[in-house]
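> A structural model of the following input is requested.
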Amino acid sequence: MATTASPLPPTTKVASSENSSSFYDYEYYLEDLIFMVCRKDEVLSFGRVFLPLFYSLIFVLGLVGNLLLLAVLLRFVPRRRMTETYLLNLAISNLLFVVTLPFWGISVAWHWVFGSFLCKAVSTLYTMNFYSGIFFISCMSLDKYLEIVASSENSSSFYDYEYYLEDLIFMVCRKDEVLSFGRVFLPLFYSLIFVLGLVGNLLLLAVLLRFVPRRRMTETYLLNLAISNLLFVVTLPFWGISVAWHWVFGSFLCKAVSTLYTMNFYSGIFFISCMSLDKTRAKSLLLAATVWAVALAVSIPDMVFVRTHENSPGVWDCYADYGGHGTVWKLFLRFQQNLLGFLLPLLAMNFFYSRIGSVLVSLRPPGQSRALKMAIALVVAFFVLWFPYNLTLFLHSLLDLQVFGDCGLSQRLDYALQVTESIAFLHCCFTPVLYAFSSRRFRQYLKAFLATVLRRQQALPSSYSESSRLTAQEDVMGMSDLGERQAESSPDKGDREKNSA
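Sure, this is the predicted structure:
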């Protein structure tokens with residue numbers, strides 16, 4: 001009979017003390033009874049496919065990542081501090097843990113084929129390193145507490161804890177490389193988004209205003225989305241110059257650009273969500289006005305707190321100053337962005353598009369497959385562009401809450417924030433195009449618009465060549481007239497000889 005094992009710690013089975021047919025081991029009896037009442041064949045079938053695949057993925061990622069961490073710590077950190085010591089032990093613990101996963105994957109997919117000794121050894125190794133990894137993470141937080149909080153409490157002078165902690169972390173964790181990376185990467189990427197977003201949304205705006213005089217709800221939202229995206233990308237050159245150099249545009253533009261950025265950051269996401277609601281609710285103009293009002297309300301903190309700050313003589317920066325409540329405000333605004341800027345719009349899009357999909361499937365209208373694929377593409381595009389940025393924001397919030405405080409992780413999150421934010425900004429370039437091209441009518445409008453532009457461009461050279469030809473003819477005629485007049489007014493050679501004689 002094949003021996004089976006489970007990744008969970010094995011439960012000890014207590015045999016019957018008497019070989020009586022009337023006596024049952026309660027645990028076995030209860031398990032058999034539950035199995036008879038509640039069949040779980042589907043759960044087992046799912047586990048036989050899902051768990052081996054996921055265990056394999058975790059094994060590969062965990063093995064590579066922790067071996068790399070172990071190599072760096074052993075090769076380049078000869079004198080390890082407490083944090084590096086805990087990291088070294090954590091890497092060893094994680095390696096021993098992931099080594100057990102292939103055994104459990106094979107056991108779940110087939111059965112236990114490794115014998116009794118490895119059954120005990122692998123199960124013990126799994127449990128030991130399952131807990132040791134968690135304990136080492138806790139030890140790292142204790143180390144940070146003793147390093148920062150306890151030392152500050154023993155100081156004879158009093159500090160504002162929030163500012164003291166931020167200053168101390170900045171002294172311990174320098175981020176010059178992150179700042180240098182941002183000064184090069186962000187201006188370049190902002191410039192790219194500015195050009196693509198400006199051209200794409202101006203084209204969308206021109207088509208909607210020129211060829212769609214009677215706009216339906218979808219076109220109304222697209223028009224507002226194009227305006228929102230244009231106002232958003234217009235702010236990016238200001239931030240690009242500020243990152244590369246410093247803020248040179250004065251106090252008024254500091255507040256205005258920051259407010260415009262935040263307002264259109266949210267309004268663009270809201271209008272994308274409204275287009276999924278379009279099929280189920282009228283009053284599009286009222287809803288569009290509501291979106292602008294909510295986006296304006298969300299940007300009120302920028303109006304109140306954002307101002308210019310002179311870091312050194314003649315060098316200004318533009319950022320929000322929340323006084324002594326900086327961490328609280330930052331956490332509130334990040335969670336607000338996670339909720340209003342991602343989670344709620346994603347849930348709304350999933351709900352409404354799934355309802356639309358169910359109706360299309362039941363009615364089976366022409367073009368049903370194309371409409372379903374486009375709905376899926378819109379939701380996937382929104383998720384791909386926005387999820388990495390919101391995940392990074394959430395991890396930054398955990399960092400501010402001191403859930404973890406490793407300097408290296410903080411630096412990596414700063415890099416990730418710059419990259420994922422830039423990727424998210426691509427929504428103002430791609431999303432309007434994706435929505436626009438989901439409509440056959442819009443594609444016809446776009447072709448008509450481009451044909452009109454091309455005809456005008458072709459008409460300009462022909463008119464120019466015609467005018468040039470007429471001008472040349474006039475010049476030739478003028479020159480011949482001038483020659484004739486000169487000939488008439490000048491005596492010829494014979495006349496001059498006669499006069500001289």
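> average pLDDT for whichever helix or strand Leu44 is part of?
Taking DSSP states H and E as the definition, Leu44 sits inside helix 41-76. The average pLDDT for helix 41-76 rounds to 81.
> past it, which element shows up next along the chain?
Next helix or strand after helix 41-76 toward the C-terminus (DSSP H and E): helix 82-109.
> could you list the domains of this structure?
40-153, 170-450 (automatic domain parsing).
> make CSV out of those and add distance to Gln457 and mean neighbour count.
C-betas here are computed from N, CA, C, even on glycine. Shown next, in CSV, are the domains of the chain (distance: least, Cβ to Cβ, whole Å; neighbours: other Cβ atoms under 10 Å):
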stretch, distance to Gln457, mean neighbour count
domain 40-153, 54, 15
domain 170-450, 10, 17
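> of those, give the one that comes closest to Gln458.
Gln458 lies closest to domain 170-450 among these, at 12.4 Å (Cβ to Cβ).
> quick one, which of the domains of the chain is nearest to Arg456?
domain 170-450 (10.8 Å).
> follow-up on the earlier one: show me what the helix holding Leu44 is packed against.
Of the remaining helices and strands, those touching helix 41-76 by 3 or more Cβ pairs under 8 Å, 6 or more residues apart in numbering; DSSP states H and E are helix 82-109.
> and the helix it packs on, what does it pack onto?
Secondary elements touching helix 82-109 (3+ Cβ pairs under 8 Å, 6+ apart): helix 41-76, helix 115-144.
> report the mean per-residue pLDDT for it.
Here the average pLDDT along helix 82-109 is 84.
> quick check: angle from that helix to helix 41-76?
For helix 82-109 against helix 41-76, the angle by axes from the mean of the first three to the mean of the last three Cα atoms, to 10 degrees is 150 degrees.
> pLDDT below threshold where in the stretch 401-501 of the chain?
405, 432, 435-439, 441, 460-501 (pLDDT under 70).
> where exactly do the strands run in it?
Counting by DSSP state E, counting those that start in this stretch, the stretch 401-501 of the chain has no strands at all.
> do a quick rundown of the helices in it.
Counting by DSSP state H, counting those that start in this stretch, one finds helices in the stretch 401-501 of the chain at the ranges 407-425, 427-437, 440-489, 493-500.
> format the helices and strands packed on helix 82-109 as a markdown table; extra columns: distance to Leu372.
As requested, the helices and strands packed on helix 82-109 are exported to a markdown table (distance: least, Cβ to Cβ, whole Å):
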| stretch | distance to Leu372 |
| --- | --- |
| helix 41-76 | 25 |
| helix 115-144 | 43 |
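> those helices: which one's closest to Gly240?
Smallest distance to Gly240 across those (Cβ to Cβ): 34.0 Å, for helix 41-76.
> any idea of the angle the closest one forms with helix 407-425?
Using the same axes, to 10 degrees: helix 41-76 against helix 407-425 is 120 degrees.
> and Phe232, what does it touch?
Residues in contact with Phe232 (Cβ atoms under 8 Å, 6 or more residues apart in numbering) are 197, 260-261, 264-265, 268, 428.
> what's the helix or strand for it?
helix 217-244.
> next step: the contacts of Phe232 restricted to helices.
Cross-referencing those against helices under DSSP state H gives 197, 260-261, 264-265, 268, 428.
> which one of those is nearest Arg174?
The closest of those, once distances to Arg174 are taken by Cβ to Cβ, is Tyr261, at 28.4 Å.
> what about that closest one, distance to Cys428?
12 Å (Cβ to Cβ, to the nearest Å).
> kindly report the same for Gly240.
Gly240 is 15 Å from Cys428, by Cβ to Cβ.
> same thing with Ala416?
21 Å.
> for Met275, same thing?
Met275 is 15 Å from Cys428, by Cβ to Cβ.
> that older thread, TSV please, covering the domains of the chain and showing distance to Gln458.
Formatted as TSV, the domains of the chain follow (distance: least, Cβ to Cβ, whole Å):
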stretch	distance to Gln458
domain 40-153	57
domain 170-450	12
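> which one of these lies closest to Ala459?
Among the domains of the chain, domain 170-450 comes nearest to Ala459, with 14.8 Å by Cβ to Cβ.
> run the chain-centre distance for that closest one.
9 Å (Cα atoms, centre = their mean, to the nearest Å).
> what's the answer for stretch 109-128, then?
Mean-position distance between stretch 109-128 and its chain equals 41 Å (Cα atoms, centre = their mean).
> check stretch 92-101 too.
Relative to its parent chain, stretch 92-101 has a centroid offset of 32 Å by Cα atoms, centre = their mean.
> for Gly197, give me its contacts.
Gly197 touches 229-230, 232-233, 236, 428-429, counting by Cβ under 8 Å, 6+ apart.
> may I see these organised as TSV, with distance to Arg307 added?
Shown next, in TSV, are the contacts of Gly197 (distance: Cβ to Cβ, whole Å):
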residue	distance to Arg307
Asn229	27
Leu230	26
Phe232	21
Val233	24
Leu236	20
Cys428	26
Cys429	31
